[in-house]
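>>> Turn this into a structure:
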Amino acid sequence: MTLSVRPKCWPLLWTELDLPYGPQSTPMNHTPISRIFLSAGEVSGDFHGSFLAKRICESCPSTEVIGIGGERMKAAGVHILWDFIGLSSIGLIESLLPGIRIALKLRGLKVYLRTHPVNMVILIDNQGMNIPIARIARKLNIPVVYYFPPQVSVWGKWNARKLARMVDLIVCPFAKDAQIYKDAGGHAIYVGHPIKSIVRVDRSREKVTESLYISTPYIIGMFPGSRRQEIKRLFPVMLETAQRIHGKRLVTFLIPVSSNVFLPMLQRILLSYSRLNVVFVDQGDYNAYQLCDCAIVASGTVTLELALLKIPVLVTYKMNIVSYLLAKAFVRGKYIALPNILLEDELVPELIQWDLNPDTLYHMVERILDNPDISLEKQNQFDRLSLLLGEGDPVGQTVDAILLVLERDRD
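All right, here's what the predicted structure looks like:
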C-alpha cells in the first residue's frame, strides 16, 4: 500500500517513496526478527546489493530487507522505497542537480527511519549519498555497515577517519583499503571482491552466437557506462569509432544495458548510426561478453569483469572540465581503471579526457583486431589480477559479519 497522507512539512517527498506504510499508519501485522535498510544509489551498487540481499534472506528467512536500489535488488526480494539509479552521477558539477534532489529525499528518509525503526543500515558504494545516510543512522543509534566503502587507497586517506567514526563495520573488497581504515581506527575487514565468484560462462560461444543471431566474423563490445553523464559523453565517441570500424570490417557491436532506465537514451543516440549492426544484451550476461574480440568501456567494475574473461579492453572516461581538474587534484596514483590500480601497471590502456577521440580509439581497436593473440606477459598479468581479487566467498563472509553485528546489537 502506498502512502496517501503526506506530512505537511515534506511536500512531494513521501509520495515519491513507495512506502509500505506511512508515518501515521499502523505497521504490518507480521513482525520480522530483523529489518535491514539497504542503500545502493547506482547500478553497480544495485548489482552487488542484489547478491547480498539474497544471501541475507537465505541465512535469515525472517529478515525483511527494504531500501534504496533498482531492478536487481527488487528482483532479489528487497522492498524498494526509492529507485535512485537514474539520478546517479560522478563529478562536482555533474552532481549538483541530482545532489539537490538527494538532499530533499534524505530529509524524508530521516522521518521514515524515525517512524519505522530498522535494526541495521547497510550502505553500498556511492559515498555522495551514503555518507549522509550514515550520519542519519548514527544520530538514530542504528548500527551501520559499509559494503564497498570509498576506495581510500585511490581517493586519499582524508576520508578514512571520518568514516571510521560513524560506521560500525567496514567491509572492503580490496586489502589496501581495509588496512587504511584499520589504521584510521575503523573496524574494517577484507573479504575480497565478489565479482570473481559472479563472473561465470556456462554456454559455448557457438550457442550464444546463434541465440543472438550474430553472423559477423568480428564482435566488439561497447560499454558506455551506468550514469546519464557517462552515456552522454562517451557513447557518441564510441559510435563514431564504431562507424569507422564498420566501414572496414564485418562487425557486430554488442551493447550491454546497465539498466532499463537508460535504454531509451541509448536508442535515441543510436538513431544517427542506423547502419551499424547492434545487439543489446543485459548487463552481467557473461555468456554474451565472452564473444567480444575486444571491448571499449567506461571505467568501472566492468573492467574487472572483462579482465577475468581475458578480453582486451580499452578504458575511456570524460567529464566536465572543472570536475576533471578537481579529480586530478584529489586522486592518488596514475591510473583510473581498477585492473591497472590493483596491478600498479597498465594491463588495459586508458583514454581519458583530451586523449579520448574517435581517431585514437579507432587505431587502438584496429591494432587489437589485427593482433588478437594475448602475449605471455599479459596472460601472467590477468592471472595475477585474479589472485589480487581474493579467494573464497566474499558475499558469504560479508553476511556472516553482518549477522555478528546484529547479534552484538541485540545483546
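>>> Verify the stated contact: residue 113 with residue 137.
Yes - if you go by CB atoms under 8 Å, residue 113 and residue 137 touch, sitting 7.1 Å apart. Heads up, the C-betas are built off the backbone N, CA and C, glycines and all.
>>> Now do the helices in the stretch 201-350 of the chain.
Taking DSSP state H, counting those that start in this stretch as the test, the helices found in the stretch 201-350 of the chain are 205-211, 228-246, 263-270, 286-289, 302-308, 321-330, 338-343.
>>> Highest mean neighbour count out of the ones you listed?
Sort these by mean neighbour count, taking mean count of other CB atoms under 10 Å, and helix 302-308 sits at the top with a mean of 24.
>>> Return that helix as CSV; C-alpha atoms alone will do.
Written as CSV, here are the backbone C-alpha positions of helix 302-308 (Å, rounded to 0.1, in the frame of the first residue of the first chain):
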residue,chain,number,x,y,z
VAL,A,302,33.2,-3.9,-15.9
THR,A,303,36.9,-3.6,-16.5
LEU,A,304,37.4,-6.3,-13.8
GLU,A,305,34.7,-8.5,-15.3
LEU,A,306,36.2,-8.4,-18.8
ALA,A,307,39.8,-8.9,-17.4
LEU,A,308,38.6,-12.0,-15.7
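>>> isn't residue 60 right up against residue 35?
No - Residue 60 sits out of contact with residue 35 when judged by CB under 8 Å, with a separation of 11.1 Å.
>>> if we can go back for a sec, going by mean pLDDT, which of the helices of the stretch 201-350 of the chain comes out lowest?
Comparing mean pLDDT across those, the weakest is helix 321-330, with a mean of 72.
>>> quick one: it to helix 228-246, angle?
100 degrees (axes from the mean of the first three to the mean of the last three CA atoms, to 10 degrees).
>>> Could you give the separation of helix 321-330 from the chain centroid?
Centroid separation for helix 321-330 versus its chain: 21 Å, with CA atoms, centre = their mean, to the nearest Å.
>>> Same question for stretch 317-331.
Relative to its chain's centre, stretch 317-331 lies at 20 Å (CA atoms, centre = their mean).
>>> do stretch 321-337 as well
Relative to its parent chain, stretch 321-337 has a centroid offset of 19 Å by CA atoms, centre = their mean.
>>> what does stretch 326-343 give?
With CA atoms, centre = their mean as the basis, stretch 326-343 stands 17 Å off its chain's centre.
>>> What's the end-to-end length of it?
By CA to CA, to the nearest Å, the extent of stretch 326-343 from end to end equals 25 Å.
>>> Quick one: residues in contact with that stretch.
91-92, 153-156, 174, 299-301, 303-304, 307, 313, 315, 317, 319, 344, 346-348, 350, 352, 381, 384-385, 388-389 (CB atoms under 8 Å, 6 or more residues apart in numbering).
>>> rerun that using 6 Å as the cut-off
The contact list for stretch 326-343, computed with CB atoms under 6 Å, 6 or more residues apart in numbering, reads 92, 154, 156, 299, 303-304, 307, 315, 346-348, 350, 385, 388.
>>> now, among these, which is nearest to residue 395?
Distance to residue 395 across the contacts of stretch 326-343 (CB to CB) is lowest for residue 304, with 15.5 Å.
>>> Help me confirm that that closest one comes into contact with residue 195.
Yes - counting by CB atoms under 6 Å, residue 195 is a contact partner of residue 304 at 5.3 Å.
>>> Give me the domain ranges for the protein.
14-192+391-410, 205-388 (automatic domain parsing).
>>> The ones you listed: which one's closest to residue 199?
Nearest of those to residue 199, taken as CB to CB: domain 205-388 at 4.8 Å.
>>> Export the helices of the stretch 201-350 of the chain to a markdown table and append columns for distance to residue 361.
Shown next, in a markdown table, are the helices of the stretch 201-350 of the chain (distance: least, CB to CB, whole Å):
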| stretch | distance to residue 361 |
| --- | --- |
| helix 205-211 | 25 |
| helix 228-246 | 4 |
| helix 263-270 | 16 |
| helix 286-289 | 20 |
| helix 302-308 | 16 |
| helix 321-330 | 18 |
| helix 338-343 | 18 |
